[in-house]
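Chemist: What follows is a predicted protein model with its sequence.
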Protein chains: 4
Amino acid sequence: MRETKVIRLKTDIQLKNPILLVGLPGVGHVGKLVAEHLIEELNAEKVIEIYSPYFPPQVMVNEDSTIRLVNNEIYTCKANDIDLLILVGDHQSSNTKGHYELCGIYLDIAEEFGVSRIYTLGGFPTGQLTHTDEVIGAVNNLSMIDDLEKYDVDFRESEPGGGIIGVSGLLLGLSKFRDMDAACLMGFTSGYLVDPKSAQSLLRVISKIFKIEIDMGPLEERAKDVEKIAAQILEMEQQKQQFLPDTRTSDDDLRYIG
Amino acid sequence: MRETKVIRLKTDIQLKNPILLVGLPGVGHVGKLVAEHLIEELNAEKVIEIYSPYFPPQVMVNEDSTIRLVNNEIYTCKANDIDLLILVGDHQSSNTKGHYELCGIYLDIAEEFGVSRIYTLGGFPTGQLTHTDEVIGAVNNLSMIDDLEKYDVDFRESEPGGGIIGVSGLLLGLSKFRDMDAACLMGFTSGYLVDPKSAQSLLRVISKIFKIEIDMGPLEERAKDVEKIAAQILEMEQQKQQFLPDTRTSDDDLRYIG
Amino acid sequence: MRETKVIRLKTDIQLKNPILLVGLPGVGHVGKLVAEHLIEELNAEKVIEIYSPYFPPQVMVNEDSTIRLVNNEIYTCKANDIDLLILVGDHQSSNTKGHYELCGIYLDIAEEFGVSRIYTLGGFPTGQLTHTDEVIGAVNNLSMIDDLEKYDVDFRESEPGGGIIGVSGLLLGLSKFRDMDAACLMGFTSGYLVDPKSAQSLLRVISKIFKIEIDMGPLEERAKDVEKIAAQILEMEQQKQQFLPDTRTSDDDLRYIG
Amino acid sequence: MRETKVIRLKTDIQLKNPILLVGLPGVGHVGKLVAEHLIEELNAEKVIEIYSPYFPPQVMVNEDSTIRLVNNEIYTCKANDIDLLILVGDHQSSNTKGHYELCGIYLDIAEEFGVSRIYTLGGFPTGQLTHTDEVIGAVNNLSMIDDLEKYDVDFRESEPGGGIIGVSGLLLGLSKFRDMDAACLMGFTSGYLVDPKSAQSLLRVISKIFKIEIDMGPLEERAKDVEKIAAQILEMEQQKQQFLPDTRTSDDDLRYIG
């Protein structure tokens, strides 16, 4: 496989101005968790598989010990009469060139289906293990902001300060050349752990946008597990701190140094 | 050499539904050890050499101080009337793109010879220096499992959890597109050392599959050497442990910190 | 976007033997600070945008929460009747090949506008947090040196010793093949921090070359902020030093070792 | 510059079965030191410059503050009626693919001049700061060994154990496909420092091969400087050792741990 391969599982797909949601692995896997949860909750149907030499040379092992080559997949479903396309997957591109190539392919598909708007879903890394329930946004068209603020998306001057890296950002940038509206919605997350709690914050925004009910049950379970791990990490950090000299205290006894 | 170069050393090769065994360097070099041992034991004949700019810029030095450019090689032999092709080599591809390209070339060759089934051989990293005699499998076609379980291949739900990376996995994924059956057989191994003991476990499974006797002598010798090294590492680890503060004990004396 | 994309915002640009100034991110971001300051001070007009798969897959977020894909940009303005082109941007190429490709594109544009001379602007890393007000130069044509020395550019035998890496150097090397004069002007900088003070030194040289007045106000503000950070780092370093054993003193008490 | 560029400075070069010596940067810079010294001593003339996007984006600064783009260069000279081509340069390729491409170009040039034999020059890393005056070899044609042993080149079974990496090795491997004899000659070197002393050992072998006198003066000067640095490093290592706990002594006082 020398070129990216787009396999269509269904050829008679009729969608009306669909909206594309993109949730690939990234900070806290927030986008991926949200997209996978939506696929589950909305009984979305897989319509496209994308394989690429820009993905790692890796297969995943299914429950029944069969394998599947890592890929990206596009699902379709309805959310209150609105047609959705949902892009999920195992990986983003392994290198810079592949990011540009793959995003080009995603946008070709989006154009083909007449996508009217793209939401890329991701995490905003705070470096803090404490949770905040906010969702911030960035857009490639100023006119989208008013609309999104109604659904409790927060917009902050020049945030994220370091920009948005990877598919979530690049799709916003490249879709501008095609006159497609696109917004990136980001849940706050530590950046250290998979974050189902941040995924829930983001899902609440999405449920408002599409006026749908989403059962958070499975994510809540998962969030509890991660919280336990986070609590353990916090405790370990505090213990560690306690054993480290405070270099800001001048009269420190200092029997040891880190 | 700008392109991968396939050099055929023999042109009149007649094989009947051959089975391809693949043992390239990887975790514990288990697959490579097994494939090289089989080539030795079954007096396999080298029929193809593959050179590629995706391999490192490196030559190996032979016993007589002549060199040979690093490559992959394909041998052929018989195992109880079954024709075998065995792919071995010095390296896997240096980068992601090369993995996809080289696996494509291997499968082209497999198709050319009418290969009916592929076994990729590898190691399953446990992170433990203690040995386990198991071999687990993953398949690209559910129907292969029953057969392989008869030969004591173990199948575990979704294991390996991180998938299978490199040629051993990618060949399973890519051969699916060509409707070729392929299984990956993995011996348990620490992941830290070359593991001739794990290679023996895997060879026992292979001797059952092909109903052949395999002399383990040379591998047993090598296993003893590695065991000594493993024992030394374990001892060093234990000594090191003894000098480190136990951060979980709150009343620790703590004269020093790591 | 599989290829670098040059977008012309204006088609009727008439320039007379323009001079190209290049200030891309690099050591101390000195070149970038200088180029951006000149664009501001000289009311330069953006005429070209360059997007490329050799830049990272990243968008920057504007103050109003809209995004823009990372790029390089070319501005035009006049400095005392001399036409200037100023190349600025978010990034240099992500890899070696891209450096050569992008510099080729920059020089194609330079040739198209009849550029008579190129100045690449950068920082010379000293490894010292203390400031020096010097600017050193390197040229791709010996005849440029006399001229530049008049404007207080210092030339030192074989300096920088490690050569000049990235666009600032490569443009000098590649423009030689096109018989274009090019000089690299470097402000001294620690190499650890963004350095508006070094940018001011370099701007003073540029104001002499083009006989223009430049208001340093905004850069002075920024320099003060950075100086505070530098002072803090210095203090921390000194404190740290104080706690480290002096391995050169043989009668050291040495209750601990780093 | 999208492709490697071979610039011929002279078109009327007539050589009789020339021998190609290759000394590019590598372990201890032994090969490069030897090649540069030969160019100096034999008054070799530069005939070819090779520029490539596989080299880093870097210019070197000459004594007079002019720059030159990093490259590889080929010189020609005579050694006792034997025509020599000497390949030297600033860098080897930045990546694997470039190594294969550039070596292909070097061999095209070698074929064009009717090169009868190639000697690649390099260092053999010992990991020890103490000097050994030996030179070992590896060949791509067994028949070369007898000849080279006469000139005090040592051949050791399967050494170097890890093969030969980079241009020095790859040229041996790739020239085999063109039926060109090639040997790699390696001076012993620590692997930590530029090693003019190892270069002298290698030059002594070369002076025997070509029956030429070589003035070692300049290299001896440089060797003394490096020896001083090596002595300092050794001393520092010993001091450091002295302060580290001996984990092999069980009754260690252990007031601190490294």
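Modeler: Received, thanks.

Chemist: what about residue A:159, how many neighbours?
Modeler: If you count neighbours by other C-beta atoms under 10 Å in any protein chain shown, residue A:159 ends up with 18. In this view, the C-beta of every residue, glycine as well, is placed from N, C-alpha and C.

Chemist: Is it correct that it is in contact with residue C:61?
Modeler: Yes - with contacts counted by C-beta atoms under 8 Å, residue A:159 reaches residue C:61, the gap being 6.2 Å.

Chemist: Overlap of the contact sets of these two?
Modeler: Residues touching both residue A:159 and residue C:61 by C-beta atoms under 8 Å, 6 or more residues apart in numbering or on different chains: residue A:138.

Chemist: Run through the neighbouring helices and strands of the longest helix along chain A.
Modeler: Among the segments of chain A that qualify as a helix by DSSP state H, the longest is helix A:217-243. If contacts are counted by 3 or more C-beta pairs under 8 Å, 6 or more residues apart in numbering or on different chains; DSSP states H and E, helix A:217-243 sits against helix A:30-41, helix A:196-209.

Chemist: pretty sure residue A:27 is touching residue A:123, no?
Modeler: Yes - Residue A:27 is within contact range of residue A:123, at 3.6 Å (criterion: C-beta under 8 Å).

Chemist: Quick check: neighbours shared by those two?
Modeler: By C-beta under 8 Å, 6+ apart, residue A:27 and residue A:123 have these common neighbours: A:189, A:191.

Chemist: Relative to residue A:95, how far out is the residue nearest to residue A:96 when sequence neighbours are not counted?
Modeler: For residue A:96, ignoring the flanking residues on the chain, the nearest one in space by C-beta to C-beta, 6 or more residues apart in numbering or on different chains is residue C:94 at 4.7 Å. Residue C:94 sits 9 Å away from residue A:95, going by C-beta to C-beta, to the nearest Å.

Chemist: what's the answer for residue A:156, then?
Modeler: Look at residue A:156 and residue A:95: by C-beta to C-beta, they are 31 Å apart.

Chemist: Now residue A:189. Its backbone dihedrals?
Modeler: Torsion angles at residue A:189 (phi, psi; degrees, to the nearest 10) stand at phi -160, psi 150.

Chemist: What is the burial count for it?
Modeler: Residue A:189 has 30 neighbouring residues, counting by other C-beta under 10 Å.

Chemist: can you pull up the bridge partners for it?
Modeler: With DSSP bridges applied, residue A:189 shows beta-bridge pairing to residue A:125.

Chemist: need the contact list for it.
Modeler: Residues in contact with residue A:189 (C-beta under 8 Å, 6+ apart) are A:27, A:28, A:30, A:123, A:124, A:125, A:126, A:195, A:198.

Chemist: ok, now residue A:20?
Modeler: By C-beta under 8 Å, 6+ apart, the neighbours of residue A:20 are A:84, A:85, A:86, A:87, A:110, A:115, A:117, A:118, A:119.

Chemist: how far away is it from chain D?
Modeler: Going from residue A:20 to chain D by C-beta to the nearest C-beta, to the nearest Å gives 35 Å.

Chemist: Could you tell me whether that residue really is in a strand?
Modeler: Yes - according to DSSP: H, G, I helix; E, B strand; the rest coil, residue A:20 belongs to a strand.

Chemist: Give me the distance between it and residue A:205.
Modeler: 16 Å.

Chemist: what's the answer for residue A:61, then?
Modeler: 34 Å.

Chemist: More neighbours: which of the two?
Modeler: Ranked by neighbour count (other C-beta under 10 Å), residue A:61 and residue A:205 place residue A:61 first, with 26 against 22.

Chemist: is it true that the more buried one touches residue B:155?
Modeler: No - if you go by C-beta under 8 Å, residue A:61 and residue B:155 don't touch, sitting 9.5 Å apart.

Chemist: so what's in contact with the two at the same time?
Modeler: Overlap of the contact sets of residue A:61 and residue B:155 (by C-beta under 8 Å, 6+ apart) consists of residue B:138.

Chemist: Now do the same contact list for the residue nearest the centre of chain A.
Modeler: The centre of chain A sits closest to residue A:31, judged by C-alpha atoms, centre = their mean, with a distance of 1.8 Å. For residue A:31, the contact set (C-beta under 8 Å, 6+ apart) comprises A:22, A:23, A:24, A:25, A:120, A:121, A:122, A:123, A:168, A:202.

Chemist: And residue A:26, by the same measure?
Modeler: Applying C-beta under 8 Å, 6+ apart to residue A:26 gives the contacts A:32, A:92, A:122, A:123, A:166, A:167, A:168.

Chemist: and the second one, that one's in a strand?
Modeler: Which is residue A:92. No - the assignment for residue A:92 (three-state DSSP) gives coil, which keeps it out of a strand.

Chemist: ok, it touching residue A:23?
Modeler: No - with contact defined as C-beta under 8 Å, residue A:92 does not reach residue A:23; the gap is 11.2 Å.

Chemist: This completes my enquiry, with thanks.
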